[in-house]
Structure formats: C-alpha cells, structure tokens
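Trainee: show me the folded form of this:
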Amino acid sequence: MAFRKKEGEKVMDVDASMHGSMVFKDPVNLRINGKFEGSLETKGHLAIGPNAVVSADIAGDDIVVGGKVKGKLVARERLTLLPTAVVEGDIFPAKLNIAEGAILEGKCVMLHDFLNAQELAKYLEVDLNSIMEWANSGKMPAQKEGNEWRFDRKEIDSWVASGKIQR
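Mentor: Numbering: from 1, shown residues only. This is a model prediction of the structure:
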C-alpha cells in the first residue's frame, strides 16, 4: 500500500491482500490492484484494476471497475465498467457507463437526485418508520410536498457522512 500526493491530491495504491473496513472521509484517488475483502466507503475516485479481486460492499463517488467485484456497488456520481470488469452484485449508480465485454450479474437501480421515503429507506438500509420519524422531527434534511416527503440524495449523503444518523 502506498500513499503519495500528486498536485495536492491524495493518492493511495493498494497492491496487496487486505481484509477489513475502510472509510475515507476526505476525497482520495484510490486504486486497488490486489485482493480486498470487507467494506469500503470512499470519496473521490476509486479504480479497481484489471487484476483485482474484490469481495466487498462499496460506496463511492466515481468508481471505475476493471477487475472482479462481488458485492453491492453504490456510485454517487458515476460507475464505469471496463471491458475486463466482472461484477456480481447489485449496482446503484447515479450515472452508468458499461463497455462492451463487461459482465454484470445482478440488478441495476439508478440513483435519482430526489428519493421518496421508501426509496430512501432502501438506500440507507433502514426501516421506513425510522425515515418517517427522522423526517417528521426535522432530524434529517427533507422537503414535504403535499403529504409526501422528498429527500435530496446529495444532502442525505452529507447528513450520513456527518455522523448525525442514529440507527
């Protein structure tokens, strides 16, 4: 694993076998070229190299997959599957690019800028009653339109990242 800065940018290369949970609260340019198991939450750019084997739930901003990934992928900005990508699991991208030759075995649910309460409960993996309680009490960012709550995905992501969510 190597850390280095390039023109003010934080860069991390992982070319080893790792297991665990990694969370990056600041934007980073992360490249995984080896084996990784666990969970990964990152901001910035994540590249999974063509020789990488990853078994993890991943959430990030801009994700490019060239290797093998098994698990849930949430790409808040964009998910790109290169021709060598093999993804086994459900993907949740805001934008999606799939190159010819890439393999996706799972379902794809596109992220929208605004979510209703049911979509948000699924997105956050919490029960609907918690979402309604947080929205009604003003504990989470939400807008009410008529009798329905609407949630801006980017505001929710920031709210979750701030640690204000209490599961």
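
Trainee: need phi/psi at residue 99.
Mentor: Main-chain dihedrals, residue 99, degrees, to the nearest 10: phi -80, psi 150.

Trainee: ignoring the adjacent residues along the chain, who's closest to it?
Mentor: Once flanking residues are discounted, residue 99 sits nearest to residue 83: 4.6 Å by C-beta to C-beta, 6 or more residues apart in numbering. Backbone N, C-alpha and C define where each C-beta goes, glycine included.

Trainee: hmm, who's touching the strand ranked longest in the chain?
Mentor: Ranked by residue count and defined by DSSP state E, the top strand of the chain is strand 17-32. Outside strand 17-32, the residues that touch it by C-beta atoms under 8 Å, 6 or more residues apart in numbering are 1, 6, 9-14, 34-49, 52, 54, 61, 67, 161.

Trainee: so residue 88 touches residue 70, yeah?
Mentor: Yes: if you go by C-beta atoms under 8 Å, residue 88 and residue 70 touch, sitting 4.6 Å apart.

Trainee: these two: who's more crowded?
Mentor: A side-by-side neighbour count of residue 88 and residue 70, using other C-beta atoms under 10 Å, places residue 70 first with 16 against 13.

Trainee: and stretch 57-76, end to end?
Mentor: Terminal residues of stretch 57-76 are spaced 14 Å apart (C-alpha to C-alpha, to the nearest Å).

Trainee: what about it, distance to the chain center?
Mentor: 6 Å (C-alpha atoms, centre = their mean, to the nearest Å).

Trainee: from here on, count from 717
Mentor: From this message on, residue numbering opens at 717, which makes the last subject stretch 773-792.

Trainee: in PDB, list the C-alpha atoms belonging to stretch 874-883.
Mentor: Taking C-alpha atoms only, stretch 874-883 is exported to PDB below (Å, rounded to 0.1, in the frame of the first residue of the first chain):
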ATOM      1  CA  SER A 874     -23.700  14.600   3.500                       C
ATOM      2  CA  TRP A 875     -26.000  14.100   6.500                       C
ATOM      3  CA  VAL A 876     -24.900  10.400   6.800                       C
ATOM      4  CA  ALA A 877     -21.200  11.400   6.400                       C
ATOM      5  CA  SER A 878     -21.500  13.900   9.200                       C
ATOM      6  CA  GLY A 879     -22.400  11.100  11.600                       C
ATOM      7  CA  LYS A 880     -25.800  12.500  12.500                       C
ATOM      8  CA  ILE A 881     -27.700   9.300  11.600                       C
ATOM      9  CA  GLN A 882     -28.600   7.200  14.600                       C
ATOM     10  CA  ARG A 883     -29.600   3.700  13.600                       C
END
